[in-house]
Structures are given as structure tokens and as C-alpha cells.
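> No letters, just coordinates:
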């Protein structure tokens with residue numbers, strides 16, 4: 001390899017790095033702006049200085065309650081849940097080398113949702129019990145899907161098909177639970193299933209915040225191995241990656257984050273499905289897009305929540321807005337994959 005070729009490679013890598021840094025910075029700035037908007041906007045728009053004073057503990061009539069009790073928990077729930085959905089979705093899509101391989105389509109979210117709905121409307125519990133049940137159900141769903149998809153040899157296509165079937169079965173179970181539940185319990189369950197930041201409270205957030213702060217850095221640090229896994233089993237092994245152990249770390253980390261986010265906000269539709277492809281399209285290839293995918297998830301959740309609150313005559317949960325964004329992309333992706341013979 002001559003000096004000219006080496007210089008060409010180095011120049012290309014620098015350009016890709018600059019693009020990644022620029023895109024990540026813009027996404028972070030946009031996320032900060034949306035967080036500020038979540039604190040400022042509501043039935044009453046408060047001045048920035050009053051919001052800052054309320055956040056620092058000063059008691060202001062009306063402002064302190066609205067900001068600290070309603071808007072701040074709502075913003076933090078959207079921030080951490082969006083990052084969890086984005087990182088987990090990108091991890092599954094990259095690791096399994098298929099844009100359909102995300103927690104929504106594979107039925108992992110439905111498993112967590114079924115457990116949470118059972119706790120809410122049958123056991124009449126909430127909080128920590130719902131979180132633990134969601135995590136256990138999410139892990140159990142992953143194990144069942146993996147075992148059913150193994151056959152004589154592991155197949156990504158078979159895993160996706162089994163996951164879609166599992167999702168349909170779990171969604172049917174959720175519908176059954178809603179039918180046999182007491183009438184007064186149905187509205188709360190429906191509101192939760194639509195994916196909503198309404199009613200978020202500070203005491204509900206620590207499990208989600210701790211999970212994201214602990215597990216997201218692990219996934220980010222292993223991002224290089226995630227990109228190598230995308231090359232395939234043999235290529236990853238030849239490059240020194242312990243594929244089985246690395247895959248288990250990614251699966252466990254992603255499932256814990258997605259289950260905890262689902263337990264906190266409900267299954268916000270299509271965020272985990274959209275975040276990875278959008279991040280890769282914006283930031284390009286060559287560097288791990290775990291952080292950009294998480295930031296895209298944050299921006300999708302916060303922007304959709306603001307749209308649902310203020311863009312229409314009636315207020316809609318965030319999951320309905322993200323569903324309207326994600327459904328057309330899913331149809332487009334299925335058509336493209338069918339044309340390429342990938343389905």
C-alpha cells in the first residue's frame with residue numbers, strides 16, 4: 001500500500017469522524033433544547049428565570065409545583081426512556097444485522113407490557129413490582145424466542161419470524177387481560193399501553209435512571225465490538241471478539257433497559273425501531289452509532305410528546321405520535337426488503 005492510498009484512507013476517516021462529532025453534537029443540542037421546552041411550556045408558559053429559581057429549590061407560587069412536580073418528572077422520563085429505547089433498538093438491529101430485529105417487532109416489548117398489564121389490572125400493584133415483572137418477562141421472552149428459533153442452526157430470519165409470532169400471541173394475551181379486568185382498571189391500562197409520559201412522578205424514575213446510567217455506558221464502551229458483530233459470526237471471531245459472551249452482554253443490557261423504560265412510560269411505539277436507521281443515516285458509518293441512536297430516541301420521544309400536547313385540539317399520548325411516524329417507515333422497509341429478496 002503506497003503513501004497515497006494511506007493518505008486517502010486517513011483523510012476519509014477524519015471526514016467520517018468530523019461528521020460523527022458534528023451530528024452527535026447537533027443531536028445533543030437539540031435534546032437539551034427540547035428538555036428546556038418541556039420545562040417551560042404548559043398551560044402556563046413561565047419565564048426562564050422563574051423556572052431556574054424553581055429548579056434550585058426556591059418556592060414560587062404555582063411555578064414550583066408545575067415545574068418540579070409535573071414538568072420535571074415528565075421531561076426526565078422522556079429523556080431516559082428515549083435514550084434506553086434508542087440504544088436498545090440500535091443494539092438489536094446491528095447485532096442481528098437486520099433493521100426489523102428490534103425489541104418492538106421481536107415481541108420483547110410486548111412481553112414486558114403483558115407482565116406490566118397483569119400487575120396493574122389483575123394484581124393491582126405498581127412501582128417496583130411492575131418494574132421487576134417487566135424485566136423478568138422481557139428476559140423470559142428473549143429466552144423463549146431464542147430457543148424456538150434455533151432449530152438445527154441459528155437463523156436471524158427464523159428468529160424474526162418467531163419474534164413476530166410471539167408478539168402477536170402476547171398482544172392477544174394483553175387484549176384478553178383487558179377483557180376480563182374490572183371496568184375501572186381498563187382506562188389506566190389503556191393509557192399505559194399507548195405509551196405516555198402523563199402522570200410521571202419522581203419516585204418512579206430511580207430504577208430507570210440507574211439502569212440507563214449503569215448499562216448504557218457498558219453498551220457504549222463495547223460499541224466497537226457491536227460493529228464487528230455486524231460483519232458476521234466468522235469475521236467477528238477471526239478479529240478476536242468473544243461472540244457468545246459479547247452477544248449475551250448486549251442482549252441482557254438492552255433487555256434490562258427496554259423493560260425498565262417500558263415499565264416507566266409504557267411501550268412508546270417505534271422509537272427503538274426508528275432511532276438506529278435515523279442515526280446511521282445522519283452520522284454515517286465508520287464509528288459506533290450507539291450514542292447518536294440514543295440521542296435520536298431522546299429527540300423522538302420529547303418532540304413527539306410536545307407535538308401530542310400542543311399541536312392538536314386534543315392532547316395525545318406520545319406513543320400515538322411516534323406510532324404515526326413509525327408505521328409508514330415500517331411499511332416502506334418491508335417493501336424494500338421484499339424487493340431485495342430479504343423476506
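Okay, I see it. None of the values given here were measured: they were computed from a predicted structure.
> The strand or helix carrying residue 19 - contacts with which helices or strands?
Assigned by DSSP states H and E, residue 19 falls within helix 3-40. Packing partners of helix 3-40 (3 or more C-beta pairs under 8 Å, 6 or more residues apart in numbering; DSSP states H and E): helix 48-55, helix 72-95, helix 271-283, helix 290-310. The C-beta positions use only the backbone N, C-alpha and C, and glycine is treated the same way.
> Need the winner for burial among these.
helix 72-95 (a mean of 27; mean count of other C-beta atoms under 10 Å).
> The following helix or strand past that one - contacts with which helices or strands?
Downstream of helix 72-95, the next assigned helix or strand under DSSP H and E is helix 108-121. Packing partners of helix 108-121 (3+ C-beta pairs under 8 Å, 6+ apart): helix 128-150, helix 156-180, helix 186-193, helix 243-265.
> can you redo these as CSV with mean pLDDT, distance to residue 18 and mean neighbour count?
Putting the helices and strands packed on helix 108-121 into CSV (pLDDT from 0 to 100; distance: least, C-beta to C-beta, whole Å; neighbours: other C-beta atoms under 10 Å) gives the following:
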stretch, mean pLDDT, distance to residue 18, mean neighbour count
helix 128-150, 81, 37, 19
helix 156-180, 84, 33, 16
helix 186-193, 76, 43, 17
helix 243-265, 84, 28, 23
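> Residue 114: which of the ones you listed is closest?
helix 156-180 (4.8 Å; C-beta to C-beta).
> Mind giving me the packing neighbours of the closest one?
Using 3+ C-beta pairs under 8 Å, 6+ apart, helix 156-180 is in contact with helix 108-121, helix 128-150, helix 186-193.
> Reformat the ones you listed as CSV; add distance to residue 180.
Listed next are those as CSV, based on distance: least, C-beta to C-beta, whole Å:
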stretch, distance to residue 180
helix 108-121, 9
helix 128-150, 18
helix 186-193, 10
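> The one residue sitting closest to the centre of the chain and residue 272, how far apart?
By C-alpha atoms, centre = their mean, the chain has its centre lying nearest to residue 85, at 0.8 Å. Distance, residue 85 to residue 272, by C-beta to C-beta, to the nearest Å: 4 Å.
> tell me, what's touching these two both at once?
Residues touching both residue 85 and residue 272 (C-beta atoms under 8 Å, 6 or more residues apart in numbering): 103, 258, 297.
> need the contact list for the first one.
Under the criterion of C-beta under 8 Å, 6+ apart, the contact list for residue 103 reads 85, 88, 89, 92, 109, 254, 255, 258, 272.
> returning to what we had before: export the helices and strands packed on helix 3-40 to TSV and append columns for distance to residue 227 and mean pLDDT.
Formatted as TSV, the helices and strands packed on helix 3-40 follow (distance: least, C-beta to C-beta, whole Å; pLDDT from 0 to 100):
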stretch	distance to residue 227	mean pLDDT
helix 48-55	38	87
helix 72-95	7	92
helix 271-283	11	88
helix 290-310	9	92
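> which stretch among the ones you listed comes nearest residue 168?
helix 271-283 (16.6 Å).
> one step back: distance to residue 235 for the shared contacts of residue 85 and residue 272 - can I get that in a markdown table?
Formatted as a markdown table, the shared contacts of residue 85 and residue 272 follow (distance: C-beta to C-beta, whole Å):
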| residue | distance to residue 235 |
| --- | --- |
| 103 | 25 |
| 258 | 27 |
| 297 | 28 |
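> if we take the residues you listed, which one ends up nearest to residue 141?
Among the shared contacts of residue 85 and residue 272, residue 103 lies closest to residue 141 (C-beta to C-beta), at 9.3 Å.
> Please report phi then psi for that closest one.
Phi and psi for residue 103, reported as degrees, to the nearest 10, are phi -60, psi -30.
> Next one: it relative to residue 276, how far apart?
Distance from residue 103 to residue 276, by C-beta to C-beta: 11 Å.
> Compare the helices and strands packed on helix 108-121 and give me the one nearest residue 209.
Per C-beta to C-beta, nearest to residue 209 of the helices and strands packed on helix 108-121: helix 243-265, 9.2 Å.
> helices or strands up against the closest one?
Using 3+ C-beta pairs under 8 Å, 6+ apart, helix 243-265 sits against helix 72-95, helix 108-121, helix 128-150, helix 206-221, helix 223-229, helix 233-238.
> mind listing what's buried in the last one?
The neighbour-count check on helix 233-238 (16 or more other C-beta atoms under 10 Å) flags residue 236 as buried.
> Could I get the average pLDDT for it?
Averaged over helix 233-238, pLDDT sits at 70.
> Report the distance from that helix to the chain centre.
On the basis of C-alpha atoms, centre = their mean, to the nearest Å, helix 233-238 sits 28 Å off its chain's mean C-alpha point.
> I would like the residues contacting that helix, please.
By C-beta under 8 Å, 6+ apart, helix 233-238 touches 225, 228, 229, 243.
> What's the separation between the last one and residue 237?
I take that to be residue 243. Note on residue 243: its distance to residue 237, by C-beta to C-beta, is 6 Å.
> got it, and the second one?
When C-beta to C-beta is applied, the distance between residue 228 and residue 237 equals 10 Å.
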